[in-house]
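> A predicted structure for the sequence below; I have some questions about it.
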Amino acid sequence: MSYQIEKLEKNQVKLTFDVESQDWKDAIAQAYNKMKNKFTVEGFRKGKVPQKVVERMYGVGIFFDDALDIIIPKYIEDALSGGADVAPVARPDIDIVAISDSTLKFTATFQETPDVELGQYKGLEFKKKAVKVTNDEVDEAIKKDQDKLTTWEKVEGRAAEDGDKVIIDYSGSVDGVKFEGGTAENQELTLGSHMFIPGFEEQVVGMNVGESKDITVKFPADYGVDTLADKDAVFAIKLHEIEKKVVPALDDEFVKDVSETANTVAEYKKEIKENIKARKESEAEIELENEMIETIAKSSKVEIPDVMIDAQTDDMVYEFEYRLQYQGLNIDDYYKYTNSNRDQLKSQYVEQAKKSVLMRLVMESIIKAEKIEATDEEVDNKLRDFAKGANKDFDEYKKSVVPGQLNYIKNQIVTDKLLAFLKANNKFN
């Protein structure tokens with residue numbers, strides 16, 4: 001395999017490949033074998049039509065597209081892994097210069113990481129964020145623990161109150177006509193949860209077990225169903241059951257149920273306060289690290305290629321789609337409900353993507369300038385921690401680590417060392 005490298009403007013590099021004749025013919029033959037079952041010619045069984053016969057019938061270039069898909073990635077991969085001085089940030093643009101049944105010449109133009117003119121990154125001054133924990137924050141954390149152990153018990157002898165859980169039947173109608181989705185039996189509803197349309201839950205409050213009544217509500221003007229939006233509706237309600245929330249008392253017994261270390265309410269509150277403080281200190285540290293990188297980035301100069309911003313924007317959209325799926329939602333439904341599309345969603349992330357790419361480039365430039373790297377010993381120490389956590393022998397665990405995992409560990413070590421370097425070389429008040 002032979003190729004020539006040409007450096008272009010704006011951090012682009014072009015590789016020109018002259019594909020060896022036999023390699024190109026082999027790729028065409030592979031394409032033929034992949035497609036041969038699709039051709040039917042009188043006098044030949046299906047899948048047995050010779051390559052030359054197909055080429056005479058459909059043209060010599062019938063297999064070129066599939067052969068290009070075979071040969072181009074192979075030649076590019078061989079060049080990059082074989083020492084070509086290229087650091088691509090995206091897939092290359094391919095241009096076919098010459099092509100026949102025995103020759104192929106093509107170019108691959110890569111966008112490389114742009115050069116960064118770093119601004120000042122040592123001797124800067126930053127202000128640390130003061131961390132405080134309020135009594136309200138402690139009380140809120142305690143309430144969350146109480147909610148975990150909250151139970152429900154049936155209520156007798158009184159009407160439903162706000163905060164109760166009720167079991168009801170309901171049947172809704174507009175202008176005397178029942179509508180789709182407006183009827184249910186044994187529906188569970190927590191009063192005050194605002195899960196139903198405004199005014200519905202408030203009118204269930206005060207009802208007794210076994211009682212039936214009609215309530216009148218108005219659908220919001222922006223309700224998702226056009227035929228119901230801004231319409232008055234009547235719901236026939238029958239209440240079957242009332243349950244009240246039983247919140248555990250804040251005492252030593254409760255503490256023993258929710259804490260692994262505290263035994264008394266006083267110890268538990270102290271533990272809660274320390275946990276909140278540790279969390280807020282961690283968040284403040286991350287915020288400070290981001291501020292350092294952002295400050296350095298603002299004084300740095302770099303021309304970011306559109307392809308890098310576009311790739312980062314795509315990653316952000318994919319992450320958004322994943323979060324939706326995790327919540328049980330579908331991206332197509334999201335576009336429908338928000339009357340938008342993928343391009344509009346991408347446009348919302350463009351500025352954030354630019355900032356993210358800029359910060360990454362600045363970090364990489366400082367790492368290069370200061371020759372920060374992960375040593376074999378540091379990598380092994382990380383692997384030992386992981387092996388211990390997985391309850392595995394170190395040597396056995398190390399052999400199971402794939403290159404992608406190893407690169408992730410090295411990048412994590414280098415990033416941690418970069419942040420430690422910046423903290424050691426800047427001032428904090």
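Good, I have the coordinates.

> Output the longest helix belonging to this structure.
The single longest helix within the chain, with elements called by DSSP state H, is helix 265-298.

> Toward the C-terminus, what is the element adjacent to that helix?
Using DSSP states H and E, the helix or strand that follows helix 265-298 in sequence is helix 306-326.

> Would you mind pulling up the elements that that following helix packs against?
Where contact means 3 or more CB pairs under 8 Å, 6 or more residues apart in numbering; DSSP states H and E, helix 306-326 is packed against helix 331-338, helix 342-369. No exception for glycine: its C-beta is placed from N, CA and C like everyone else's.

> Strands of this protein, start to end?
Secondary structure of the chain (DSSP state E): strands at 2-8, 12-19, 93-99, 104-111, 125-126, 151-154, 165-174, 177-190, 212-218, 232-246, 427-428.

> how about the longest helix of the chain: buried residues?
By neighbour count on 16 or more other CB atoms under 10 Å, the buried set for helix 265-298 is 268-269, 271-273, 276, 280, 288-289, 292-293, 295-297.

> Check stretch 13-24 too.
Burial within stretch 13-24, assessed by neighbour count using 16+ other CB under 10 Å, is assigned to 13-19, 24.

> Then stretch 147-163?
Counting neighbours by 16+ other CB under 10 Å, one finds that the buried residues in stretch 147-163 are 155, 160.

> pLDDT on that stretch, on average?
When pLDDT is averaged along stretch 147-163, the result is 94.

> Then stretch 274-294?
Regarding stretch 274-294, the rounded mean pLDDT is 96.

> Just the residues contacting that stretch, thanks.
By CB atoms under 8 Å, 6 or more residues apart in numbering, the residues outside stretch 274-294 that reach it are 124, 126, 128-129, 131, 133, 137-138, 141, 355, 359, 362-363, 419, 422-423, 426, 428.

> ditto for stretch 38-53
28-29, 32, 36-37, 54, 57, 63.

> In PyMOL, select just the buried ones from those residues.
In PyMOL, this line selects whichever of those come out buried by 16+ other CB under 10 Å:
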select buried, resi 28+32+36+54+63
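
> what ranges do the helices span in the stretch 1-150 of the chain?
Assigned by DSSP state H, counting those that start in this stretch, the stretch 1-150 of the chain shows helices spanning 21-35, 51-58, 64-81, 135-148.

> Out of these, which is closest to Leu239?
Of all the helices of the stretch 1-150 of the chain, helix 135-148 sits nearest to Leu239, with 25.0 Å by CB to CB.

> from the chain's centre, how far out does the closest one sit?
Counting by CA atoms, centre = their mean, to the nearest Å, helix 135-148 is centred 30 Å from the centre of its parent chain.

> Same check on stretch 385-392?
27 Å.

> cool, and stretch 369-383?
When C-alpha coordinates are averaged (CA atoms, centre = their mean), stretch 369-383 and its chain have centres 28 Å apart.

> which residues sit against it?
Stretch 369-383 has contacts (CB under 8 Å, 6+ apart) with 118, 366-367, 394, 397-398, 401, 406, 409-410, 412-414, 417-418, 421.

> Next, the buried residues of stretch 329-349.
Buried residues in stretch 329-349, defined by neighbour count with 16+ other CB under 10 Å: 331, 345-346, 349.

> CA atoms only for that stretch, dumped as PDB, please.
Written as PDB, here are the backbone C-alpha positions of stretch 329-349 (Å, rounded to 0.1, in the frame of the first residue of the first chain):
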ATOM      1  CA  LEU A 329     -40.400   8.300  27.000                       C
ATOM      2  CA  ASN A 330     -39.900   8.200  23.300                       C
ATOM      3  CA  ILE A 331     -38.000  10.900  21.400                       C
ATOM      4  CA  ASP A 332     -40.700  10.900  18.600                       C
ATOM      5  CA  ASP A 333     -43.400  11.600  21.200                       C
ATOM      6  CA  TYR A 334     -41.200  14.400  22.600                       C
ATOM      7  CA  TYR A 335     -41.000  16.000  19.200                       C
ATOM      8  CA  LYS A 336     -44.700  15.600  18.700                       C
ATOM      9  CA  TYR A 337     -45.600  17.200  22.100                       C
ATOM     10  CA  THR A 338     -43.100  20.000  21.800                       C
ATOM     11  CA  ASN A 339     -43.900  20.600  18.100                       C
ATOM     12  CA  SER A 340     -40.200  20.400  17.300                       C
ATOM     13  CA  ASN A 341     -37.700  18.200  15.400                       C
ATOM     14  CA  ARG A 342     -34.100  16.900  15.800                       C
ATOM     15  CA  ASP A 343     -32.500  20.000  14.100                       C
ATOM     16  CA  GLN A 344     -34.300  22.300  16.500                       C
ATOM     17  CA  LEU A 345     -33.200  20.200  19.400                       C
ATOM     18  CA  LYS A 346     -29.600  20.300  18.200                       C
ATOM     19  CA  SER A 347     -29.700  24.100  17.800                       C
ATOM     20  CA  GLN A 348     -30.400  24.300  21.600                       C
ATOM     21  CA  TYR A 349     -27.100  22.600  22.300                       C
END
